[in-house]
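Undergrad: Predicted model follows, preceded by the sequence.
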Amino acid sequence: MTFRDLAPTWSDRPLTDPALAADVVDLMVSHGDRSRGTFTAILCGPDARYRATVAIDLTSEFATPGPPLD
């Protein structure tokens, strides 16, 4: 399934349904974000309904390898 399967009223439903949650993740996190290592959090209210998305681009954190671990 993909975000193209989402009903127009998807944001009125709780994200406790795994299929709906997967489609919402697909909508909110682009392929480019996934490739770059962007951290994305989908925020829900107490009713488990979508409220907001926060994305943090961590590209610079993973751009160069760190020192070897002993």
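TA: Perfect, I can see it now. Computed from a predicted structure; not experimentally measured.
Undergrad: where in this protein is pLDDT low?
TA: Residue ranges of the chain with pLDDT under 70: 1-2, 61-70.
Undergrad: Okay, helices next: where are they in it?
TA: 18-28, 31-36, 59-62 (DSSP state H).
Undergrad: and among those, the most buried is which?
TA: helix 18-28 (a mean of 16; mean count of other CB atoms under 10 Å). For glycine as for every other residue, the C-beta is placed from the backbone atoms N, C-alpha and C.
Undergrad: Render the CA-only coordinates of it in PDB, please.
TA: Extracted in PDB, the C-alpha atoms of helix 18-28 (Å, rounded to 0.1, in the frame of the first residue of the first chain):
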ATOM      1  CA  PRO A  18      -1.000  -0.700  11.100                       C
ATOM      2  CA  ALA A  19      -2.100  -0.400   7.400                       C
ATOM      3  CA  LEU A  20      -3.200   3.300   7.900                       C
ATOM      4  CA  ALA A  21       0.000   4.100   9.900                       C
ATOM      5  CA  ALA A  22       2.200   2.600   7.100                       C
ATOM      6  CA  ASP A  23       0.500   4.700   4.500                       C
ATOM      7  CA  VAL A  24       0.800   7.900   6.600                       C
ATOM      8  CA  VAL A  25       4.600   7.200   7.000                       C
ATOM      9  CA  ASP A  26       4.800   6.700   3.300                       C
ATOM     10  CA  LEU A  27       3.100  10.100   2.800                       C
ATOM     11  CA  MET A  28       5.200  12.000   5.300                       C
END
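Undergrad: Alright, calling it a day.
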